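A.B. asks: structure of the sequence below:
(chains A and B)
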Amino acid sequence: MRLLLGLLLALLPWLPFAASALKPGEKVIVLNSGEGTVSVIDRATRKVERTLPVGKEPHHLITTLDDSDLVIANAASNDLVFLDPLSGEVKRRLPRIMDPYQLAYSPDGKWFVSVSLRLDRVDIYAMPHYELKTRIPVAKTPSHVAISRDSTMAYVTMQDSDEVVAIDLAAHKLAWRMPVGKTPAGIWMSPQGLLFVGAMGRDHVEVIDPAKRAIIASIPTGRGAHNIFPMGDGQHVMVSNRVDGTVTKVDYRDLKVVGKPIRVGAGADCMEISADGKELWVTVRWEGKVAVVDLTGQKPTEYIRVGRSPHGIYFRSHAPRDR
Amino acid sequence: MDALVNAFESAVGWLLSEAVVPALYTLGLMSWVEWAHEATAFVLAGALTVLAVVVILAPLERLRPAQAITDRRHVHTDVIYTLVVKLGIMPLMAFAVLWLVFIPLERWLRLQGYTPWSLEDLIPGLASWPALSLLLYVLIIDFGEYWRHRLQHRWNWWWQLHALHHAQQQMTFWTDDRNHVLDDLIAAFWMAAIALAIGVPPAQFPLVLFATKFIESLSHANVRLGFGPLKHVLVSPQFHRLHHAIDLGREGARRGVNFAVVFSFWDKLFGTADHRDAYPATGIRDQLPAYGAVDYGTSFLETQWLGFRRLFDTLIDRRVRR
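C.D. replies: This next block holds a predicted model:
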């Protein structure tokens, strides 16, 4: 049985759907937040090659602006770990970053923002030396962050006070705050300058016009709408819905759902979409798995067992994050 | 092993997606979902541990019993203790201590600019060896348990709670969780204090955690088993039965023998080990007719209530004497 499985796995890269836009030997990096490890998966064979310890409670990851490093936020170890995004090797560790949950760099390269979920704070660091500039107290349980394209504002969702706050990066202060739907989580800014917020306590994504500080639309995606990842085609995003365990395609220009939600599993969370928009990888947190979804065929084609509570996920040839 | 972990995670996922999370969603408590994940895994692991322990130890107790069970009512009480504690009280206590004390304290420390440190900071390179790191954590926690147990026997007020555990004269593997709820609460605080001092273990090694729990249950089992030379490392049923013996339990200058919970070498190290080859009757001296025939209760509620009473009386008595 094992032999047969191995043979099938070895043959997988030759299958047409897997061959599209796939660099040979490309690695998928998955953060197992519940056990402090990273799973390094060969994207072509779908095999976990290595599992290495990185620190306690790694939840989210981002790449540096030049794409040279993958930055992992270890919330409970109070540090950042820099990985080689191609091999998954640990390059260095940056200590004394207090309770980093979600991270963002401003597009102009001046600022680094670390959201501290447990301490109710948003920390702003000046680049390139990660020099702590200010710690901004915010209401309750800051969760995800998006930075405006002109690098002036950081928008952060507040999971327990049901609001979105805007932080003026240069002035180091809170600019404004506005109430949104219950338990807001994921946040993404469209090229049109609109904010898309997953209302985890409800079943929709809220669309906010930050200029007007108003909710201009509400798109029903599924119960527990959580995270939002662009498909890179300038038209669509994928939304994960944690309660329904589905992912939903949304047209962010017309502000409407496209097609039917795809069932992926319990606690669908962070996603990575291939550059050609055909393949989606999503962490299935409560089952300790990663699902590979064929977006053309509209169904999961594979489940890969990783560690406990897998959260952030990354591979190099992903769809652009800004459109 | 992989298949087992896989099945376990799938079961947790199923429970969450079919019952727990929809309930949280309806109640507007989606922010608690990570905690619900932990709690579900904790309770399910507890249930599976009980199941595995029963499957392995029940036949063993039949095969080589150390004593004849004459009053099943006391064993039934311990069954209730096991279920209530493993599936209810323990997760609740852990949760209460975590939320009321540990998290606010850690948060306060962090806001003062103090980053809580851990074993990994103390020993360079340890972070790359999670298995070794876990072994160190288990050793230190067990060392803490040895000393907590010593104090339970040393301090009279604390003994009044712990006596409930020792009053079992029909000791079986079910007896492990027979403790006063106040004692469970103190244990949770004790554990939280250690966690604050050395950090939390890095990774989940289900087999290791199960093994320690299993040894604790096995040590109470009504079975003739001494572990041979391994008795100098791990707590065997014989070693722990001596701890529960009427003539040894709270006697002598050190108020007893064989206090260790998982690793028996702590007793050797601190001069409290007793490796004699015997399977004496268990209980407390004052339960015997000649010593006052003190009643420690039969049912769950009765044993709890009498524990409160004894503690209260001891504290009042101390005040009067002063």
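A.B. asks: would you mark the buried spots in whichever strand or helix holds B:L207?
C.D. replies: Taking DSSP states H and E as the criterion, B:L207 maps to helix B:206-220. In terms of neighbour count (16 or more other Cβ atoms under 10 Å in any protein chain shown), helix B:206-220 has its buried residues at B:P206, B:V208, B:K213, B:F214, B:I215, B:E216, B:S217, B:L218, B:S219, B:H220. Every residue, glycine included, has its C-beta placed from N, CA and C.
A.B. asks: again with stretch A:225-242
C.D. replies: A:225-232, A:235-242.
A.B. asks: farthest pair in those residues?
C.D. replies: Based on Cβ to Cβ, the longest span within those runs between A:Q235 and A:R242 and measures 24.5 Å.
A.B. asks: pull the number of nearby residues for A:K260.
C.D. replies: Residues contacting A:K260 under the criterion other Cβ atoms under 10 Å in any protein chain shown number 10.
A.B. asks: what average pLDDT does stretch B:16-36 get?
C.D. replies: The average pLDDT within stretch B:16-36 is 92.
A.B. asks: list the contacts of that stretch.
C.D. replies: By Cβ atoms under 8 Å, 6 or more residues apart in numbering or on different chains, the list of residues contacting stretch B:16-36 from outside reads A:141, A:159-160, A:182-183, A:200-201, A:223-224, A:242-243, A:245, A:265-267, A:286, A:309, B:37, B:40, B:95.
A.B. asks: among these, name the buried ones.
C.D. replies: Buried members of those, counted by 16+ other Cβ under 10 Å: A:141, A:159-160, A:183, A:200-201, A:223-224, A:242-243, A:245, A:265-267, A:286, A:309, B:37, B:40.
A.B. asks: how about A:P85, what does it touch?
C.D. replies: Applying Cβ under 8 Å, 6+ apart to A:P85 gives the contacts A:K27, A:I29, A:T63, A:D67, A:S68, A:D69, A:L70, A:Y314, A:R316.
A.B. asks: ok, now which ones touch B:T282?
C.D. replies: B:T282 is in contact with B:Q67, B:H166, B:Q168, B:Q169, B:M171, B:R241, B:H244, B:A245, B:I246, B:G249, counting by Cβ under 8 Å, 6+ apart.
A.B. asks: mind redoing it with 10 Å?
C.D. replies: B:66-67, B:166-171, B:175, B:220, B:222, B:240-246, B:248-249 (Cβ atoms under 10 Å, 6 or more residues apart in numbering or on different chains).
A.B. asks: what's the neighbour count on the closest residue to B:A187 other than its chain neighbours?
C.D. replies: In space, and not counting its chain neighbours, B:A187 is closest to B:R148: 7.0 Å by Cβ to Cβ, 6 or more residues apart in numbering or on different chains. Counted with other Cβ under 10 Å, residues neighbouring B:R148 total 19.
A.B. asks: B:G252 too?
C.D. replies: Residues lying near B:G252 (other Cβ under 10 Å) number 12.
A.B. asks: can you confirm it is in a strand?
C.D. replies: No. B:G252 sits outside any strand when classified using DSSP: H, G, I helix; E, B strand; the rest coil, being coil.
A.B. asks: that one is in contact with B:R154, isn't it?
C.D. replies: No. Look at B:G252 against B:R154 with Cβ atoms under 10 Å: they stay out of range, at 11.7 Å.
A.B. asks: center of chain A - which residue?
C.D. replies: In chain A, the residue lying closest to the centroid (Cα atoms, centre = their mean) is A:C270, at 4.6 Å.
A.B. asks: that residue belongs to a strand?
C.D. replies: Yes. Under three-state DSSP, A:C270 sits within a strand.
A.B. asks: list the contacts of it.
C.D. replies: Per Cβ under 10 Å, 6+ apart, neighbours of A:C270: A:30-31, A:59-61, A:186, A:226-227, A:229, A:240, A:281-283, A:285, A:290, A:310-314.
A.B. asks: what's downstream of the longest helix seen in chain B, the next helix or strand?
C.D. replies: The longest helix of chain B (DSSP state H) is helix B:33-63. For helix B:33-63, the following helix or strand on the C-terminal side (DSSP H and E) is helix B:72-84.
A.B. asks: which parts of that next one are buried?
C.D. replies: Quick answer for helix B:72-84 (16+ other Cβ under 10 Å): B:H74, B:V75, B:T77, B:D78, B:V79, B:Y81, B:T82, B:L83.
A.B. asks: helices along chain A, start to end?
C.D. replies: Under DSSP H, chain A gives helices at A:2-11, A:16-19.
A.B. asks: tell me, which of the ones you listed is the model least confident about?
C.D. replies: Among the helices of chain A, helix A:16-19 scores lowest, with a mean of 36.
A.B. asks: for B:D295, grab the count of nearby residues.
C.D. replies: Around B:D295 there are 11 residues (other Cβ under 10 Å).
A.B. asks: local confidence estimate at it?
C.D. replies: On the pLDDT scale, B:D295 is placed at 95.
A.B. asks: ok, and the closest non-adjacent residue to it?
C.D. replies: Using Cβ to Cβ, 6+ apart, the closest residue to B:D295 is B:L306 (7.3 Å).
A.B. asks: relative to chain A, how far out is the one you found?
C.D. replies: As judged by Cβ to the nearest Cβ, to the nearest Å, B:L306 and chain A stand 41 Å apart.
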